[in-house]
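Undergrad: Generate coordinates for the sequence data below:
(2 chains)
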Amino acid sequence: MTLEINGEIQSLPSIKNIEELLQHLGLGHDRIAVEVNRRIVRRQEWERTPLNDRDRIEIVQFVGGG
Amino acid sequence: MAYSLSDDPLILAGKSFRSRLIVGTGKYASLILMREALERSGAQMVTVAVRRVNLNDVSGESLLAYIDTRRFTLLPNTAGCYSAEEAIRIANLGREAGLSDWVKLEVIGDEKTLFPDTEALLTATKILVKDGFVVLPYTNDDPVMARKLEDAGAAAIMPLGASIGSGMGIQNPANLRIILENASVPVIVDAGVGTASDATIAMELGCDAVLMNTGIAGAVDPIAMAEAMKLAVESGRLAYKAGRIPRKLYAIASSSMEGISR
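TA: Predicted structure coming up:
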């Protein structure tokens, strides 16, 4: 399947939900936020939020800032 | 009884802070240096930005590995946002990532000066307050806008001392005094502090706290400057509460003339 993740188009094996995507990308769960098609998905929903071909995903974290 | 700093915490949206210095986490040469500077500053709240995870380097060092979140309250910002919509989106992402309703709200109106777009700032403040956020807006030193933000439910007013990162110090103390006189929420000088005396001046005016990043991170020795800022904020608060003497044009002798030997 094809997903746009943080602005980059990526071809991935079939991924069922956000939980699986994070695992595939090697990301931990702590202090990140996920949007699917510009809608924030709360962390308790990650496992049951299905992903579809061409979904637009944003994954953000905290970095240094003032 | 004499005034004591320890009996006078900063109360922000019902939360109590011993330190009146809030520090940023950006622009440090290394995260180790940042950690040491945060430690020395004595701050209890630190600002952070919300940015995309770098998917090409997921094993990279994470900022939060260097911030003890039991000790420091994280204050996500909306830096880099140029519209109310963008700022609201980033605030919501920050809330989801940080599991806290607090946000340092920035809506920038001009790339060169980084001055706030106060019209959009007010719009975003109203919407975020309605959504349950504790909104700390970075604004200009305009007393009318300060009042509007407070009326909109801002938990504090955060006027700039000077442009972000400029190190120019408190450029308009008269306006800050007017803002302070009218505000019933804490007033926090955010941006413009270049050295310790700038922070002291802000506190001597009666500001409730000072927020800075570049003033510490950009110093030749950020760790020493962090401590300087800690002491400067404390000194300024103490002097403000102690009540300074009035300014006079002519001298008044400190030593009595009585019993002078001629």
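Undergrad: What score does A:H29 have for pLDDT?
TA: On pLDDT, A:H29 comes in at 82.
Undergrad: Likewise for the one 4 residues further on?
TA: Residue-level confidence at A:A33 comes out at 97, pLDDT.
Undergrad: okay, now it: neighbour count?
TA: By the measure other Cβ atoms under 10 Å in any protein chain shown, the count of residues near A:A33 is 25. C-beta coordinates here come from the backbone N, C-alpha and C atoms, glycine included.
Undergrad: I figured it was touching A:R39, is that so?
TA: No. A:A33 lies out of contact with A:R39 (Cβ atoms under 8 Å); the separation is 11.5 Å.
Undergrad: So which residues of the chain form strands?
TA: Just so you know, I chose chain A. All strands of chain A, identified by DSSP state E, fall at A:2-5, A:8-11, A:32-36, A:39-41, A:56-64.
Undergrad: Can you look at chain B instead?
TA: B:10-12, B:15-17, B:21-24, B:45-52, B:73-76, B:102-105, B:134-139, B:158-159, B:188-190, B:209-212.
Undergrad: Please dump these into a markdown table; it should also carry mean neighbour count and mean pLDDT for every row.
TA: Formatted as a markdown table, the strands of chain B follow (neighbours: other Cβ atoms under 10 Å in any protein chain shown; pLDDT from 0 to 100):
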| stretch | mean neighbour count | mean pLDDT |
| --- | --- | --- |
| strand B:10-12 | 18 | 98 |
| strand B:15-17 | 13 | 97 |
| strand B:21-24 | 29 | 98 |
| strand B:45-52 | 23 | 97 |
| strand B:73-76 | 22 | 97 |
| strand B:102-105 | 26 | 98 |
| strand B:134-139 | 26 | 98 |
| strand B:158-159 | 29 | 98 |
| strand B:188-190 | 27 | 97 |
| strand B:209-212 | 29 | 98 |
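Undergrad: Of the ones you listed, which is nearest B:E227?
TA: Closest to B:E227 of the strands of chain B is strand B:21-24 (Cβ to Cβ; 10.5 Å).
Undergrad: So what touches the closest one?
TA: Contacts with strand B:21-24, where a contact means Cβ atoms under 8 Å, 6 or more residues apart in numbering or on different chains, come from A:64-66, B:37-38, B:41-43, B:45-47, B:75, B:188, B:199, B:209-214, B:216-217, B:226, B:229-230, B:233.
Undergrad: Same check on stretch B:104-118?
TA: B:47, B:75-84, B:86-87, B:91, B:120-121, B:124-125, B:128, B:135-140, B:142, B:145, B:158, B:160, B:163-165, B:190, B:211.
Undergrad: ok, now stretch B:176-191?
TA: Here stretch B:176-191 has contacts from A:66, B:10-12, B:22, B:104, B:136, B:138, B:141, B:143, B:146-147, B:150, B:154-166, B:170, B:199, B:202, B:205-212, using Cβ under 8 Å, 6+ apart.
Undergrad: For B:A120, grab the count of nearby residues.
TA: 19.
Undergrad: Tell me how far it lies from chain A.
TA: For B:A120, the distance to chain A (Cβ to the nearest Cβ, to the nearest Å) stands at 19 Å.
Undergrad: and that residue, what pLDDT?
TA: 98.
Undergrad: thinking it is in contact with B:T78, fair?
TA: No. At 10.9 Å, B:A120 does not count as touching B:T78 under the criterion of Cβ under 8 Å.
Undergrad: Need the strands of chain A in JSON lines (columns: distance to B:L31).
TA: Listed next are the strands of chain A as JSON lines, based on distance: least, Cβ to Cβ, whole Å:
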{"stretch": "strand A:2-5", "distance to B:L31": "25"}
{"stretch": "strand A:8-11", "distance to B:L31": "26"}
{"stretch": "strand A:32-36", "distance to B:L31": "18"}
{"stretch": "strand A:39-41", "distance to B:L31": "27"}
{"stretch": "strand A:56-64", "distance to B:L31": "8"}
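Undergrad: Would you convert those strands into CSV that also reports distance to chain B?
TA: Listed next are those as CSV, based on distance: least, Cβ to the nearest Cβ, whole Å:
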stretch, distance to chain B
strand A:2-5, 6
strand A:8-11, 7
strand A:32-36, 4
strand A:39-41, 5
strand A:56-64, 4
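Undergrad: Rounded mean pLDDT for stretch B:144-155, please.
TA: Mean per-residue pLDDT for stretch B:144-155: 98.
Undergrad: Can you report how many residues neighbour A:M1?
TA: Quick note: A:M1 (other Cβ under 10 Å) scores 14 neighbours.
Undergrad: okay but it is in contact with A:I9, surely?
TA: No. Assessed by Cβ under 8 Å, A:M1 is found out of contact with A:I9, at 11.2 Å.
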